[in-house]
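Next come a sequence and a model predicted from it.
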Amino acid sequence: MKNKHEKLGIRDDLVQSLGDGKDYLLFLLSIDKLSEINKFYGEKKGDMILDIAAKRLLKEFAGYEIYMVNGAKFAIKCDFIEDSFIDDMKKLVDFLYVLHDNEDMDINKGSFHMTAGISYGKDVLSSGEEALKQVKKESKMVGITEQNKCLVTYEKECAYNKNIKNAIKNGNLIPFFQPIKDIKTGTITKYECLARLKQDGKVISPFFFIEKAKEMRLYDRITMDMIDKSIMKFKDTNLRFSINFSPEDLMNEATKSHFIEQILKHEVANRVTMELLEEGNFSKQETIKFLAECKKLGVKIAIDDFGSGCANYARVKELEADYVKIDGTLIKDIQTRSTYIMIEGMVKYAREQGAKTVAEFVSSKEIYDLCVKVGIDLLQGYYIGEPHPDLVN
């Protein structure tokens, strides 16, 4: 695609502007999977995405120098000023978050995702390319380098981290609730509790603070906050609700004790589900013992992302899971016959083990209908309802 926007420079312009020896801040952004878009939707659709991306960048980053570097890449350049560095970084993060917060990217509607490499100092173009390459390799959304030293995924955002730390300590963690529909009754009977952080009037996805919270040893506070606030939301209802538990949570004695104490205090044990995140290995002996104790109290157990790399069928039986949440990437691809057959096998296995199945990422009527056809018990996704701070039915 040729540069149709007069305000966009080209790569040669960028190279020339960087040759004066000054320190610059450079955002190098790449449209994700543009080659696949060109291949499957045609080059006209790819050109449309490029055009939309250029217009959005010009609008969102007015006052910055913006260049079309090549192919799917854009560059945003400004003088590196220490005092405004964090604001510049947050502006980029907010922009990327809006793009990536779309659960079901619709090419026909002009939606797209971008990945960013960030560099500041001198020789920012080559180091920005290095950051972008590393970020894509690690399947992350943004990375940063400094003077050719790769510090992938925000080493230099200390002020931003401080804001997050203060927000968590000040109780600005808020639960959002996504409805889950029971196919048999046709009603919303359950909600998943999802962590969000309120900061400067904005709601921040856990993508941007969970790992940082772990680094700052604040993760247990997030889980305990979610336990407390979720229970308070549901204690006077007859609705079921689920709270996510990571391997770290199930290895933390304080977190486990707090959970047991709160569900007994507010008498919600028979309505709460512990959703076990499939992101690492649990300590088998300790986990099984604790989960067995919870189940005796009436707590239900759900295994998340079943069918992804870490999940295994043995765990469903071993933990006596009550729910199996089928991996969202499979549900999004359920219209493919091979994936449908795979999901059909999962549903059959879950039933044999006495577990109900839950489909995540149900984003359209077509996916909804196929989930019903294959026999999934519960459905969750934007087609059913978006996460919301209130209990939206």
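Looks like it arrived, so ask away.

switch to C-alpha atoms for all contacts and neighbour counts from now on
OK.

Just give me the neighbour total for I331.
The burial count assigned to I331 is 22, neighbours taken as other CA atoms under 10 Å.

For my notes, confirm it occurs in a strand.
No: when the secondary structure is assigned by DSSP: H, G, I helix; E, B strand; the rest coil, I331 falls in helix instead of a strand.

what about the protein, any weak spots by pLDDT?
For the chain, applying pLDDT under 70 flags the ranges 1-6, 82-87, 97-111, 137-163, 278-283, 309-311.

tell me the domain boundaries of it?
Residue ranges for the domains of the chain, per automatic domain parsing: 8-156, 160-380.

With distance to V392 added, can I get the ones you listed in TSV?
Conversion of those to TSV gives the following (distance: least, CA to CA, whole Å):
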stretch	distance to V392
domain 8-156	18
domain 160-380	7
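
Which of those sits closest to P387?
Relative to P387, the nearest member of the domains of the chain by CA to CA is domain 160-380, separated by 4.1 Å.

how far does that closest one sit from the chain's center?
14 Å (CA atoms, centre = their mean, to the nearest Å).

Identify the residues contacting E318.
With contacts defined as CA atoms under 8 Å, 6 or more residues apart in numbering, E318 is in contact with I288.

if I look at it, how far off is D12?
Note on E318: its distance to D12, by CA to CA, to the nearest Å, is 60 Å.

so S338, which of the three states?
Remark: S338 carries the secondary structure label helix [criterion: three-state DSSP].

Where do the helices of the stretch 251-393 of the chain begin and end?
Assignment of helices within the stretch 251-393 of the chain using DSSP state H, counting those that start in this stretch yields the ranges 253-265, 284-296, 313-318, 328-332, 337-352, 365-374.

ranking those by burial, who's on top?
Among the helices of the stretch 251-393 of the chain, judged by mean count of other CA atoms under 10 Å, the one packed with the most neighbours on average is helix 328-332 (a mean of 19).

Show me what that one is packed up against.
Packed against helix 328-332, as judged by 3 or more CA pairs under 8 Å, 6 or more residues apart in numbering; DSSP states H and E, are the following elements: helix 365-374.

if you set the cut-off to 10 Å instead, what comes out?
Counting by 3 or more CA pairs under 10 Å, 6 or more residues apart in numbering; DSSP states H and E, the packing neighbours recorded for helix 328-332 are strand 300-306, helix 337-352, strand 356-359, helix 365-374.

Tell me the backbone dihedrals of the most centrally placed residue in the chain, please.
Most central in the chain under CA atoms, centre = their mean is F207, positioned 5.0 Å from the mean C-alpha point. Phi and psi for F207, reported as degrees, to the nearest 10, are phi -50, psi -30.

wait, it sits on D94?
No: contact between F207 and D94 fails when scored by CA atoms under 10 Å: they sit 11.9 Å apart.

Show me which residues of the lengthiest strand in the chain are buried.
Of all the segments of type strand in the chain, defined by DSSP state E, the longest one is strand 187-199. Under the neighbour-count criterion of 16 or more other CA atoms under 10 Å, strand 187-199 has 188-198 buried.

immediately after that strand, which helix or strand?
As assigned by DSSP states H and E, the chain's next helix or strand after strand 187-199 is strand 202-204.

what lines up beside that following strand in the sheet?
Looking at strand 202-204 with DSSP bridges, its paired strands and their directions are strand 187-199 (antiparallel).

Which residues are in contact with the residue nearest to K356 when sequence neighbours are not counted?
The spatial neighbour of K356 that comes closest, neighbours along the chain excluded (CA to CA, 6 or more residues apart in numbering), is Y323 at 4.7 Å. Neighbouring residues of Y323 by CA atoms under 10 Å, 6 or more residues apart in numbering: 273-275, 300-304, 316, 350-351, 353-358, 377-378.

now do N38
For N38, the contacting residues are 44-47, 49, by CA under 10 Å, 6+ apart.

May I have the host helix or strand of it exported as CSV, CA atoms only?
Counting by DSSP H and E, the element that carries N38 is helix 34-41. Output of helix 34-41 as CSV, limited to C-alpha atoms (Å, rounded to 0.1, in the frame of the first residue of the first chain):
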residue,chain,number,x,y,z
LEU,A,34,-1.5,-8.6,8.2
SER,A,35,0.0,-11.2,5.8
GLU,A,36,-2.7,-13.6,6.9
ILE,A,37,-5.4,-10.9,6.4
ASN,A,38,-4.1,-10.3,2.9
LYS,A,39,-4.0,-14.1,2.2
PHE,A,40,-7.5,-15.0,3.5
TYR,A,41,-9.4,-11.7,3.0
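
quick one: that helix to chain centroid distance?
Mean-position distance between helix 34-41 and its chain equals 24 Å (CA atoms, centre = their mean).

Give me the buried positions along that helix.
The neighbour-count criterion (16+ other CA under 10 Å) identifies 34, 37 as the buried residues of helix 34-41.

Likewise for stretch 238-246?
Under the neighbour-count rule (16+ other CA under 10 Å), stretch 238-246 has 240-246 buried.

V374 contacts Q335, correct?
No: with contact defined as CA under 10 Å, V374 and Q335 do not form a contacting pair (11.2 Å).

Quick check: closest non-adjacent residue to T189.
Excluding the flanking residues, the one nearest T189 by CA to CA, 6+ apart is L239, at 5.8 Å.

can I get the helices and strands packed on helix 328-332 in CSV with distance to F74?
What follows is the helices and strands packed on helix 328-332, written out as CSV (distance: least, CA to CA, whole Å):
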stretch, distance to F74
strand 300-306, 34
helix 337-352, 35
strand 356-359, 37
helix 365-374, 34
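
and E267, how far is that from K44?
With distances taken as CA to CA, E267 is found 58 Å from K44.

For those two, indicate the residue with more neighbours.
Under the criterion of other CA under 10 Å, the comparison of E267 against K44 puts E267 first, with 15 against 12.

Now do the contacts for the more buried one.
Remark: with contacts taken as CA under 10 Å, 6+ apart, E267 is in contact with 231, 235-236, 261, 297.

Recalculate using a threshold of 8 Å.
K235.
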